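>>> this one's structure only:
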């Protein structure tokens with residue numbers, strides 16, 4: 001059992017659980033500016049948007065350094081991110097920051113054309129900030145809410161858009177979380193959203209959207225429906241990347257179960273086995 005559990009790599013590495021964006025302002029510069037920075041799991045899906053400017057600027061993760069145990073909730077780890085700024089496919093600058101829980105420190109921006117370095121600090125949120133979270137993934141702008149608002153939207157580079165409804169909350173004080181991970185092991189990151197289950201709230205239920213590199217659109221992954229499985233739907237989803245398995249976990253009476261699934265053609269999930277866990 002311990003060997004099997006060691007193979008299961010958690011995909012729920014949430015870089016934050018509250019609403020974005022982080023609002024920042026420059027310090028010490030003659031011409032002050034403000035911006036919002038967005039990013040998801042492990043620094044993926046990042047971009048910045050400057051106040052007063054309609055466009056967004058994509059960020060490509062350059063490095064991520066973790067100090068401490070990222071899974072220890074009692075003592076939050078310090079995570080330092082560095083991103084390259086991309087404009088027209090060219091690197092025009094870089095951003096860096098250190099995050100500890102919900103606090104940022106050592107935030108900076110370096111502009112390549114003159115090597116000027118700007119220091120940034122947290123700025124009070126203005127009306128209309130916070131509520132909505134966003135990721136920029138494969139050029140697609142993904143927007144959702146951590147709050148009970150159920151709207152999910154995908155804005156594609158060709159100008160088209162999709163709107164979807166995420167599951168509604170059935171518990172008080174809800175928090176919706178977003179995760180960026182390669183759920184079907186095809187080399188392209190996907191996106192998922194989770195909320196507490198409607199029962200005791202001891203696990204989270206997931207809605208998973210897979211990126212199709214051919215259509216360049218996101219499509220919702222159908223929930224498994226096998227009578228031999230112990231868990232229904234997507235519960236506490238984790239990934240066994242070594243064996244390319246998607247795992248779900250749930251509690252039945254006093255017993256915890258894990259169901260293992262493998263992807264087949266057409267992104268269909270096939271049940272392999274159930275595992276009783278302590």
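It's in. From a predicted model like this one, the values you see are computed outputs, not experimental measurements.
>>> Toward the C-terminus from the lowest-mean-pLDDT helix or strand in the chain, list the very next helix or strand.
Within the chain, no helix or strand scores below helix 2-7, which has a mean of 36 by mean pLDDT, DSSP states H and E. Counting by DSSP states H and E, the element after helix 2-7 in chain order, helix or strand, is strand 22-27.
>>> Pairing partners for that following strand, with directions?
When pairs are called by DSSP bridges, strand 22-27 turns out to pair with strand 34-38 (antiparallel), strand 116-122 (antiparallel).
>>> Make CSV out of those and add mean neighbour count, mean pLDDT and distance to residue 260.
C-beta here means a position set from N, CA and C on the backbone, and glycine is covered the same way. CSV is the format used below for the strands paired with strand 22-27 (neighbours: other Cβ atoms under 10 Å; pLDDT from 0 to 100; distance: least, Cβ to Cβ, whole Å):
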stretch, mean neighbour count, mean pLDDT, distance to residue 260
strand 34-38, 20, 95, 34
strand 116-122, 15, 95, 43
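>>> Could you export those strands as TSV, including distance to residue 160?
Shown next, in TSV, are those (distance: least, Cβ to Cβ, whole Å):
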stretch	distance to residue 160
strand 34-38	21
strand 116-122	34
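>>> So for residue 134, which of the ones you listed sits nearest?
Nearest of those to residue 134, taken as Cβ to Cβ: strand 34-38 at 4.9 Å.
>>> For the following helix or strand past the closest one, name the packing helices and strands.
Sequence-wise, the next helix or strand downstream of strand 34-38 (DSSP H and E) is strand 47-50. Using 3 or more Cβ pairs under 8 Å, 6 or more residues apart in numbering; DSSP states H and E, the elements in contact with strand 47-50 are strand 34-38, strand 57-67.
>>> Could you rerun that using 10 Å?
Judged by 3 or more Cβ pairs under 10 Å, 6 or more residues apart in numbering; DSSP states H and E, strand 47-50 is in contact with strand 34-38, strand 57-67, strand 78-87, strand 132-137.
>>> Dump those strands to a markdown table, plus distance to residue 98.
Shown next, in a markdown table, are the helices and strands packed on strand 47-50 (distance: least, Cβ to Cβ, whole Å):
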| stretch | distance to residue 98 |
| --- | --- |
| strand 34-38 | 13 |
| strand 57-67 | 9 |
| strand 78-87 | 5 |
| strand 132-137 | 20 |
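>>> of all the ones you listed, which lies closest to residue 45?
Each of these has some distance to residue 45 by Cβ to Cβ; the shortest is strand 132-137, at 3.2 Å.
>>> can you pull the buried residues of the helix or strand just after that closest one?
Under the assignment DSSP H and E, the closest C-terminal helix or strand after strand 132-137 is strand 140-145. By neighbour count with 16 or more other Cβ atoms under 10 Å, strand 140-145 contains the buried residues 140-145.
>>> One more: stretch 149-166?
For stretch 149-166, the neighbour count (16+ other Cβ under 10 Å) marks 150, 152, 154-156, 166 as buried.
>>> Please enumerate residues in contact with that stretch?
Residues from elsewhere that reach stretch 149-166 (Cβ atoms under 10 Å, 6 or more residues apart in numbering): 131-132, 134, 136-145, 148, 167-169, 176, 178, 191, 193-195, 207, 209, 211, 215-220.
>>> How far off centre is the helix or strand hosting residue 164?
In this structure, residue 164 sits in strand 161-165 according to DSSP H and E. From the chain centre to the centre of strand 161-165 is a distance of 18 Å (Cα atoms, centre = their mean, to the nearest Å).
>>> cool, and stretch 153-162?
Distance of stretch 153-162 from the chain centroid (Cα atoms, centre = their mean) equals 19 Å.
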